[in-house]
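Participant: Kindly generate the corresponding structure for this input.
(one chain, ligands or ions: 1)
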Amino acid sequence: MMSNKTVLLYTIAAVAATGGLLFGFDTGVINVALPFIKQEWNLSETAEAWSVSAVLVGGMVGSLLSGRLADGLGRKRINILAALVFTAGSVLTAVASSEEILIAGRLLLGLAIGVVSFSVPLYIAEIAPGEIRGRLVTFFQLAITIGILISYLVGFSFAEAENGWRLMFGVGFVPAAILLAGMFFVPESPRWLVSKGRDEEARQVLNRLHETDRVDTEYQQIKRVNDEEKARKVDWRELFTKRLRIPFLIGIGIFLIQQFSGINAVIYYSTKIFNMSGFGSNTTSIMATVGVGVVNTLSTLVAVRFLDQWGRKPLLFVGLIGTAVSLATISFAFFFRESLGADLLRILSVGGVYVYIFFFAISLGPLGWLLISEVYPLRIRGFATSLGSFYHWFFDFWVSFTFPILAASSLGTNGGIFMIYTAVCLLGLLFARYIVFETKGMSLEDIERKWQKNPETSVSRT
Ligand code: BGC
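Facilitator: Predicted coordinates:
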């Protein structure tokens, strides 16, 4: 039986995770809306490219700009700000009367996605007790996958409707309004409160959310680590010192591998991939795409269940081996397409995509957001997490931008592009072995103390 406090924690994490749903919805919806906009407005190639990537550019800007704001304004207010921008972006894209307005709306949505992509996992990690932190932060990834799935289903339902694409974008208003309203009712992060000297409030939040017999110890631990950091005048420059080299590398590495494993080639362009493998019609390819959404969401539930029990590293290893094998299978299927015949090519490529999504969803998907929310010291956590999120959008931009170009070249027809993604997953094994460390069951303060053992720093302090 769950205690009332645990139920409350889950509810708060679910409200915050609505930000993830918006992330998934607004990145996924372009996949299904774009063909209709293209038809109606006769979009140029450039306008088309911008309609897709404006969100990713917005994501880069949003995550960078708001990192220090999250340390200054607090985790709650920054999420409220993002929810407001989401609302404005959804309305603007739904009523856009020209491609410029549409792109501006997509840019706004991107800004908001950039903010929530770091502020939500960060917030959840900071309110969660260590033993269920993995599970609660993975709610965020689960919400992303649900958002993607909803966007595919919405696309499917409104495909025949008049002004269908406007309705598709407009649906995003609903979760944005829920996030906005919900954020007023959740408490501020106790760790952020302590960092601002608002100790009494922090204690009250811990009392409300965590089991009474451990609140004192937790509070003392947060306070102690915060005081130590304060005494050492830790600031954002610390991230670039030798002492924090490992968390710094984790932030870049996990997203480099996550994105260059080709995930968004599948999430944004699966319909195209299924067409390339010989599906007769767009409709069957879209149905297969809905299947991608379903497998993605269901497999993330496996991660929610097992991340705290099995640990981060074992799942990462299993996930990387599975993604590498499935990507190699897709690559071989395209390479030997002539000798395999049409049916076998379809089975291997579609099967390969589904198996790939399964392994991604139990490992690289949730781990990206989880690791960047837990490996940094408190006083620079906002800045460092936002930088991690920036890398995500930066790498995402390059993979999504290059995929259609590469797919149209010989690397697309002979499967070479999937071989590149395979190689990245194999390199990921080295990263998992030598850089990532296990954080299962540790409190954020335990993790932080790891870095304090090595006080070497190259930042000059005034
Ligand atoms: C990634 C997204 C991706 C999604 C797929 C997330 O973890 O950050 O780029 O589209 O997973 O489920």
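
Participant: any idea which element the residue of the stretch 201-350 of the chain found nearest the ligand lies in?
Facilitator: Per CB to the nearest ligand atom, Ile267 is where the stretch 201-350 of the chain lies closest to the ligand, at 4.2 Å. Glycine gets a C-beta too; all of them are placed from N, C-alpha and C. Following DSSP states H and E, the helix or strand that holds Ile267 is helix 263-276.

Participant: List the buried residues in that helix.
Facilitator: 263-276 (16 or more other CB atoms under 10 Å).

Participant: so what's Arg203 up against?
Facilitator: Pro190, Val215, Tyr219 (CB atoms under 8 Å, 6 or more residues apart in numbering).

Participant: TSV for the residues you listed, including neighbour count, secondary structure and pLDDT?
Facilitator: Shown next, in TSV, are the contacts of Arg203 (neighbours: other CB atoms under 10 Å; DSSP: H, G, I helix; E, B strand; the rest coil; pLDDT from 0 to 100):
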residue	neighbour count	secondary structure	pLDDT
Pro190	26	helix	93
Val215	18	helix	85
Tyr219	19	helix	89
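
Participant: now, which of those residues sits nearest Ile435?
Facilitator: Ile435 lies nearest to Pro190 out of these, by CB to CB, at 29.5 Å.

Participant: Could you check how far the closest one is from the ligand?
Facilitator: Pro190 sits 26 Å away from the ligand, going by CB to the nearest ligand atom, to the nearest Å.

Participant: what does Leu22 give?
Facilitator: For Leu22, the distance to the ligand - CB to the nearest ligand atom - is 13 Å.

Participant: Verify the contact between that residue and Phe86 for me.
Facilitator: Yes: counting by CB atoms under 8 Å, Leu22 does reach Phe86; the two are 5.4 Å apart.

Participant: overlap in contacts of the two?
Facilitator: Residues touching both Leu22 and Phe86 by CB under 8 Å, 6+ apart: Ala112, Gly172, Pro175, Ala176, Leu179.

Participant: List, one by one, the residues from the stretch 301-450 of the chain near the ligand.
Facilitator: Neighbours of the ligand within the stretch 301-450 of the chain, by CB under 6 Å from any ligand atom: Gly365, Gly368, His392, Asp396.

Participant: Wait, the third one touches Ser117, no?
Facilitator: Yes: between His392 and Ser117 a contact is recorded at 6.6 Å, counting by CB under 8 Å.

Participant: The host helix or strand of Leu108 and the ligand in contact?
Facilitator: Using DSSP H and E, Leu108 maps to helix 99-127. No: Helix 99-127 does not reach the ligand (CB under 6 Å from any ligand atom); its nearest approach is 7.4 Å.

Participant: Show me which residues of that helix are buried.
Facilitator: Within helix 99-127, the residues that count as buried by 16+ other CB under 10 Å are 99, 102-127.

Participant: which helices and strands sit right next to that helix?
Facilitator: Here helix 99-127 touches helix 4-41, helix 45-73, helix 75-95, helix 130-158, helix 190-195, helix 364-374, helix 381-408, going by 3 or more CB pairs under 8 Å, 6 or more residues apart in numbering; DSSP states H and E.
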